[in-house]
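Engineer: what's the 3D shape of this:
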Amino acid sequence: MNTVYLDNSATTKVCEEAVRAVVEIMTETYGNPSSLHSMGFAAEMKLREARETVAGMLSAKPEEILFTSGGTESNNLALFSAAQAGVRHGKHIVTTAIEHPSVLRVMQQLEQQGFSVTYLAPDKTGNLPPEAVRNAIHPDTILVSMMAVNNETGARMPIDAAAEAIRESGSRTLLHVDAVQAFGKIPLCPQRQRIDLMSMSAHKLHGPKGAGALYCAKKVRLQPRVFGGGQERGLRSGTEAMPAIAGFAAAIRALPELRKIEEQIAILNAACRTGLRGISDVCIQSPEDALPYVLNFSVPGIRSEVLLHFLSVKGVFVSSGSACAGKEKSHVLRAMGLPEEQIDSSLRVSFSRENTIEDVEALLAGVREGAKTLMRTRTARGGR
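Structural biologist: Residues are numbered from 1 along each chain as shown. Sure, this is the predicted structure:
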């Protein structure tokens, strides 16, 4: 049975280039970058090279890149530290109701510490009106945190509008962007886009798990969250995870031209949308202008986990939402105001450059069969 993997927003298969880089660091250039001998120097050069690679993707300076264990740590470091640094200017923070749990749960902690948080809700299409951001910024707003691309629907968030609203306000407000689902998929330039902090993760773009990065503009003064030997400008002490970091950099260097690969993914997304619309009762939650890497749909009447397991038996692997949300119902779809039955039956398809039109056809065949079989079973059981 062929494996059709369509859960790339959760994690991706590590590319060969990244695997080779990881093995090289573990077996050849395995010195500690802080050691003063030649093995340490060789490791330090690999670390410097990786930092330059990440910076190059953002047209940033290498010293503006901090390595972390992934998107969750990058978000935590950015948000807690930015809040602490800005508290003398105000205690108001703006975010959205559809952020990743690693942002929303930090916001809950900050609220317990006395900060005031405004949660902006999307419309029924999943998009966030740009004017909502502008209206939410007050004189005491110290931080706006917004993902570039929603991980469940692919909706593109108005980060440029947020940056413009901050500029117009003349405030000291910092802009943090969770770019975990966007980095390596769309062009990003924090300096041009007036983004102060940006979170990234390796395993979303065919790199290894355990490596991420935080872009921190030179003007931003963060507070350390981990203390020790002073690595990563003293903000994230601890011996660097060089195998994962080297794999991260290798995965970036292996990326095809972003526009070309997005065009390829858009063809798959369009074929999937067309096929799903031909299946009775299917609803599509992702907006038409969403990033094509993500497509969220529902077959009302069939719970998501039931159809998910039906598909997995056929060798087709999708998700019932964010992998980090566990078994909780989608807070994203709930914030969009969708009916409970639609939320309960939602599935997320997420593509990578390794997917093909045959993968889409296998998914559609599985959904058609599942809808027919499972709905019939549900009817025979009296709709329970």
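
Engineer: now the closest residue to residue 204 other than its chain neighbours: how far from residue 347?
Structural biologist: Residue nearest to residue 204 in three dimensions, not counting chain neighbours: residue 180, with 5.8 Å by Cβ to Cβ, 6 or more residues apart in numbering. Every C-beta, even on glycine, is put in place using the N, C-alpha and C of the backbone. Relative to residue 347, residue 180 is positioned 20 Å away (Cβ to Cβ, to the nearest Å).

Engineer: more neighbours: which of the two?
Structural biologist: Shown here are residue 180 and residue 347; by other Cβ atoms under 10 Å, residue 180 has more neighbours (28 against 23).

Engineer: dump the residue contacts of the more buried one.
Structural biologist: Applying Cβ atoms under 8 Å, 6 or more residues apart in numbering to residue 180 gives the contacts 71, 100, 147, 151, 199-201, 204, 212.

Engineer: and residue 97, how close does it get to residue 119?
Structural biologist: Per Cβ to Cβ, residue 97 is found 4 Å from residue 119.

Engineer: again with residue 40
Structural biologist: The gap separating residue 40 from residue 119 is 46 Å, by Cβ to Cβ.

Engineer: over to residue 306?
Structural biologist: Note on residue 306: its distance to residue 119, by Cβ to Cβ, is 31 Å.

Engineer: and residue 337, by the same measure?
Structural biologist: Distance check for residue 337 against residue 119: by Cβ to Cβ, it reads 14 Å.

Engineer: repeat that for residue 349.
Structural biologist: Residue 349 is 27 Å from residue 119, where distance means Cβ to Cβ.

Engineer: higher neighbour count, these two?
Structural biologist: residue 349 (29 against 15).

Engineer: that older thread, which stretch of helix or strand covers the residue nearest to residue 204?
Structural biologist: Assigned by DSSP states H and E, residue 180 belongs to no helix or strand.

Engineer: what do you get for residue 184?
Structural biologist: Under the criterion of DSSP H and E, residue 184 resides outside all helices and strands.

Engineer: surely it and residue 252 touch.
Structural biologist: Yes - at 6.7 Å, residue 184 and residue 252 qualify as touching, with contact defined as Cβ atoms under 8 Å.

Engineer: overlap in contacts, the two.
Structural biologist: Common neighbours of residue 184 and residue 252 are listed as 57, 205 (criterion: Cβ under 8 Å, 6+ apart).

Engineer: okay, buried residues for stretch 140-155 please.
Structural biologist: Within stretch 140-155, the residues that count as buried by 16 or more other Cβ atoms under 10 Å are 141-155.

Engineer: pick out the most distant pair among the residues you listed.
Structural biologist: The largest separation in the buried residues of stretch 140-155, counting by Cβ to Cβ, is between 142 and 154 at 29.5 Å.

Engineer: tell me, how many residues neighbour the closest residue to residue 139 other than its chain neighbours?
Structural biologist: Leaving aside its chain neighbours, residue 139 sits nearest to residue 171 (6.4 Å; criterion: Cβ to Cβ, 6+ apart). Residues near residue 171, counting by other Cβ under 10 Å, number 19.

Engineer: hang on, isn't residue 171 packed against residue 165?
Structural biologist: No - Residue 171 is beyond contact range of residue 165, at 9.6 Å (criterion: Cβ under 8 Å).

Engineer: okay, and the common contacts of those two?
Structural biologist: Contact criterion Cβ under 8 Å, 6+ apart; residues bridging residue 171 and residue 165 by contacting each: residue 137.

Engineer: what lines up beside the longest strand belonging to the chain in the sheet?
Structural biologist: What stands out as the longest strand in the chain, according to DSSP state E, is strand 141-147. Strand 141-147 pairs in its sheet with strand 92-96 (parallel), strand 174-178 (parallel), by DSSP bridges.

Engineer: please tell me how far residue 281 sits from residue 297.
Structural biologist: 11 Å.

Engineer: and those two? which has more neighbours close in?
Structural biologist: Taking neighbours as other Cβ under 10 Å, residue 281 and residue 297 compare with residue 297 leading, 22 against 12.

Engineer: the helix or strand hosting that one packs against which elements?
Structural biologist: Assessed by DSSP H and E, residue 297 sits inside strand 294-298. Helices and strands touching strand 294-298, as assessed by 3 or more Cβ pairs under 8 Å, 6 or more residues apart in numbering; DSSP states H and E, comprise helix 258-277, strand 283-284, strand 346-350.

Engineer: so which of the ones you listed is nearest residue 54?
Structural biologist: Nearest of the helices and strands packed on strand 294-298 (Cβ to Cβ): helix 258-277, 15.0 Å.

Engineer: what about the helices in the stretch 51-200 of the chain?
Structural biologist: Under the criterion DSSP state H, counting those that start in this stretch, helices of the stretch 51-200 of the chain are mapped to 71-86, 101-112, 130-136, 159-169, 190-193.

Engineer: tell me the most buried of these?
Structural biologist: helix 71-86 (a mean of 23; mean count of other Cβ atoms under 10 Å).

Engineer: for that helix, output the C-alpha coordinates as CSV.
Structural biologist: What follows is helix 71-86, C-alpha atoms only, in CSV (Å, rounded to 0.1, in the frame of the first residue of the first chain):
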residue,chain,number,x,y,z
GLY,A,71,8.6,27.5,17.0
THR,A,72,7.1,27.0,20.5
GLU,A,73,10.3,28.2,22.2
SER,A,74,10.8,31.0,19.8
ASN,A,75,7.2,32.3,20.5
ASN,A,76,7.7,31.9,24.2
LEU,A,77,11.0,33.7,24.2
ALA,A,78,9.7,36.6,22.0
LEU,A,79,6.4,37.1,23.9
PHE,A,80,7.5,36.8,27.5
SER,A,81,10.7,38.8,26.9
ALA,A,82,9.0,41.6,24.9
ALA,A,83,6.3,42.0,27.5
GLN,A,84,8.8,42.3,30.3
ALA,A,85,10.9,44.8,28.3
GLY,A,86,7.9,47.0,27.4
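
Engineer: okay, now the unreliable bits of the protein?
Structural biologist: Applying pLDDT under 70 to the chain flags the ranges 321-327, 376-384.
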